[in-house]
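# Here's my sequence, what's the structure:
(one chain, ligands or ions: 2)
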Amino acid sequence: MYKAILVGANLYSDGLINYYMEELESLALAREIEVLYSITQALNKISAKFYIGSGKVLEIRTFVENLDADIVIFNNELSGSQIRNLEKEIGVRVIDRTLLILDIFASRAKTKEAMLQVEIAQLEYMLPRLSGLAESLGRQQGGIGSRGPGEKKLELDRRRIMSERSRLKKELIEIVKARKIQRRNRTKSSIKKIAIVGYTNAGKSTLLNALIDFTHRDIDKQVYVEDMLFATLETSTRHIILNNNKEFIATDTVGFVSNLPHNLVESFKSTLEEITEADFLVHVVDTSNEFYEKQIEVTNKTLEEIGVHDIPVIYIYNKYDLINKEIKPLHYPSVIVSLLETEGIRKVINIIERELFKDYELVSLLIPYTEGELVSYFNEHNHIISQKHTNEGTLLELELDQRTKSKYTSYIK
Ligand SMILES: Nc1nc2c(ncn2[C@@H]2O[C@H](COP(=O)(O)OP(=O)(O)OP(=O)(O)O)[C@@H](O)[C@H]2O)c(=O)[nH]1
Ligand SMILES: [Mg+2]
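Ligands and ions are numbered 1, 2, ... in the order given. Reported below is the predicted structural model:
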């Protein structure tokens, strides 16, 4: 297990340095790195040599020596030569937040698509830093930052890395193409789609599982839930049928984090595209995090970055069981719940149902007895309020969306 000193240069007086440093610690933990100490410095100007001031570098070295740390993690993105200079001065491995996030993704990626996406992002991170990194990584065997492309590929020159990158990109494009066709087949019908989005660890996968559990009781379809950052790296899609036969498709997605490496977002765009095709977004918020408003902002900014515009959002203020103060929702429509409680799940399902099926209308249809199969069809696919047998046929009172309603106008009573 690595033991780390965290370093954060505070360039802005936005009062958020604690938030970034706490999050950096969670990121380190997600990579099973123990954090020994956290150092911050208010900075007016970035030094080309070390990023931070040289006095601070000596201070870091003292902490590293006294606490016996074996890695230093910067919250700020470093250049190749800054990494080289810092390592020379401090004497242990130096990495930055971006590399740490890339590394977490690399260690979690399971599907071919996710692996390719991470590997491309790693190569892109390395390209401008080759001269600085080659030296530092060459000394190290294994460990942080050495997954994916690995040391061997680092020895390749820039041109070979570039051609490797285009080879991976081509491979990725093929996989994405195949998946898109699959998705198109699945989504041809008019069935509504929701995407569950939000900050990492907010409870998105918990929500998908709750929806599955509440409606199918089909545990096999459950997705992975864990109290750590980036438990989910690939999207999972499930067909949800409510008790009243209303149905929709729900997709669980990768969580966001502040300063998500731009290359990573770029490279994950194909996975995140499913979000842009949703009819509704369900934005899960972890209210137990003291900075949850900032997390909402980061999530919305990242959504914009991947091309989400004008998709209606339902906000789920989650983990309310963990806090003992009132919170005021900043958005509408929204609910304040705990997804660990049945009552909370019920509330969430109600609000999703209300918003998603807004265009449903109570309609009475009179269906002649000669068309009995239509009655069975509606019973299977719609929410029937009442059903009566009359002289002229079956009288159904049911909820219909506008499209279906327009198809059966001749039966409307
Ligand atoms: N106390 C409490 N814990 C919750 C609640 N909802 C989810 N959790 C826990 O929060 C942790 C993270 O939940 P996930 O569903 O994996 O979160 P996620 O948003 O999918 O996270 P990533 O996939 O890592 O981005 C798990 O340990 C859940 O059990 C809640 O309402 N209250
Ligand atoms: Mg998840």
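
# Touching, E361 and E399? I think so.
Yes: taking CB atoms under 8 Å as the contact criterion, E361 and E399 are neighbours in contact, 6.9 Å apart. The C-beta positions use only the backbone N, C-alpha and C, and glycine is treated the same way.

# Neighbour count for those two, which is higher?
When neighbours are counted by other CB atoms under 10 Å, E361 and E399 differ, and E399 comes out ahead with 18 against 13.

# Got phi/psi on that one?
Backbone torsions of E399, given as degrees, to the nearest 10, read phi -100, psi 130.

# who's in contact with whichever residue of the stretch 1-150 of the chain sits closest to ligand 1?
When you check the stretch 1-150 of the chain against ligand 1 by CB to the nearest ligand atom, the closest residue turns out to be A30, at 8.5 Å. The neighbourhood of A30, defined by CB atoms under 8 Å, 6 or more residues apart in numbering, consists of 104, 228-230.

# Look at E293 and say how many residues are nearby.
Neighbours of E293 under the rule other CB under 10 Å: 13.

# So it belongs to a helix, correct?
Yes: the assignment for E293 by DSSP: H, G, I helix; E, B strand; the rest coil puts it in a helix.

# In space, what's closest to it - neighbours in sequence excluded?
Nearest in space to E293, with sequence neighbours left out and distances taken as CB to CB, 6 or more residues apart in numbering, is L330 at 6.8 Å.

# Next up, the contacts around that neighbour.
So L330 contacts 293, 296, 315 (CB under 8 Å, 6+ apart).

# same check, this time on L78
Remark: with contacts taken as CB under 8 Å, 6+ apart, L78 is in contact with 51, 86, 94, 96.

# And Y332, which helix or strand is it part of?
Secondary structure assignment for Y332, by DSSP states H and E: no helix or strand.

# Quick check on it: phi, psi?
Dihedral pair for Y332: phi -130, psi 140, per degrees, to the nearest 10.

# How many residues are close by P128?
A count of neighbours around P128, defined by other CB under 10 Å, yields 12.

# That one falls within a helix, correct?
Yes: when classified by three-state DSSP, P128 is found to be part of a helix.

# Identify the spatial nearest neighbour of it, chain neighbours not counted.
In space, P128 is closest to G80, 6.8 Å off (CB to CB, 6+ apart).

# Pull the number of nearby residues for that neighbour.
Other residues lying near G80 total 18 when counted by other CB under 10 Å.

# Would you confirm that it contacts L130?
Yes: taking contact to mean CB under 8 Å, the distance of 6.5 Å between G80 and L130 places them in contact.

# In terms of pLDDT, where does R184 sit?
What the model reports for R184 is a pLDDT of 74.

# what's the neighbour count on it?
Other residues lying near R184 total 9 when counted by other CB under 10 Å.

# can you pull the buried residues of the helix or strand containing it?
For R184, the element it lies in under DSSP H and E is helix 158-186. Judged by neighbour count using 16 or more other CB atoms under 10 Å, the buried positions of helix 158-186 are 161, 164-165, 168, 172, 176, 179.

# Include pLDDT and distance to ligand 2 when you put those residues into TSV, please.
As requested, those are arranged in TSV below (pLDDT from 0 to 100; distance: CB to the ion, whole Å):
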residue	pLDDT	distance to ligand 2
I161	86	32
E164	91	30
R165	93	28
L168	95	25
L172	93	22
V176	88	21
R179	82	19
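
# ok so, going back, ramachandran coordinates for the residue nearest to P128?
Recorded main-chain torsions at G80 are phi -60, psi -40, according to degrees, to the nearest 10.

# In contact with the residue of the stretch 51-200 of the chain found nearest ligand 1: list those residues for me.
Checking the stretch 51-200 of the chain residue by residue against ligand 1 with CB to the nearest ligand atom singles out T200 as nearest, at 3.5 Å. With contacts taken as CB under 8 Å, 6+ apart, T200 has the following neighbours: 229-231, 254-257.

# Now do the same for it: its pLDDT.
Here, the pLDDT recorded for T200 equals 94.

# my guess is Q402 meets D359, correct?
Yes: Q402 is within contact range of D359, at 5.0 Å (criterion: CB under 8 Å).

# Point out where this structure drops to low pLDDT.
Counting by pLDDT under 70, the ranges of the chain that qualify are 131-157, 186-189, 216-220.

# Strands along that one, start to end?
3-10, 34-42, 71-74, 93-96, 192-198, 236-241, 247-252, 280-286, 313-318, 334-336, 361-367, 383-389, 394-400 (DSSP state E).

# what would the ones you listed look like in a markdown table with distance to K325?
As requested, those are arranged in a markdown table below (distance: least, CB to CB, whole Å):
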| stretch | distance to K325 |
| --- | --- |
| strand 3-10 | 28 |
| strand 34-42 | 27 |
| strand 71-74 | 33 |
| strand 93-96 | 35 |
| strand 192-198 | 21 |
| strand 236-241 | 33 |
| strand 247-252 | 29 |
| strand 280-286 | 15 |
| strand 313-318 | 12 |
| strand 334-336 | 11 |
| strand 361-367 | 41 |
| strand 383-389 | 38 |
| strand 394-400 | 39 |
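
# Relative to E373, tell me which of those wins on proximity.
Distances from E373 to each of the strands of the chain were compared using CB to CB; the shortest belongs to strand 361-367, at 9.7 Å.

# then that closest one to CSV, C-alphas only?
As requested, C-alpha coordinates have been extracted for strand 361-367 and formatted as CSV (Å, rounded to 0.1, in the frame of the first residue of the first chain):
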residue,chain,number,x,y,z
GLU,A,361,-54.7,11.0,-20.1
LEU,A,362,-57.6,9.1,-18.6
VAL,A,363,-59.6,7.8,-21.6
SER,A,364,-62.7,5.6,-22.0
LEU,A,365,-62.6,3.2,-24.9
LEU,A,366,-65.5,1.0,-26.1
ILE,A,367,-64.1,-2.1,-27.8
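
# From the contact counts, what lies against that strand?
The elements that strand 361-367 packs onto, with contact taken as 3 or more CB pairs under 8 Å, 6 or more residues apart in numbering; DSSP states H and E, are helix 372-381, strand 394-400, helix 402-407.

# Fine by me, thanks again.
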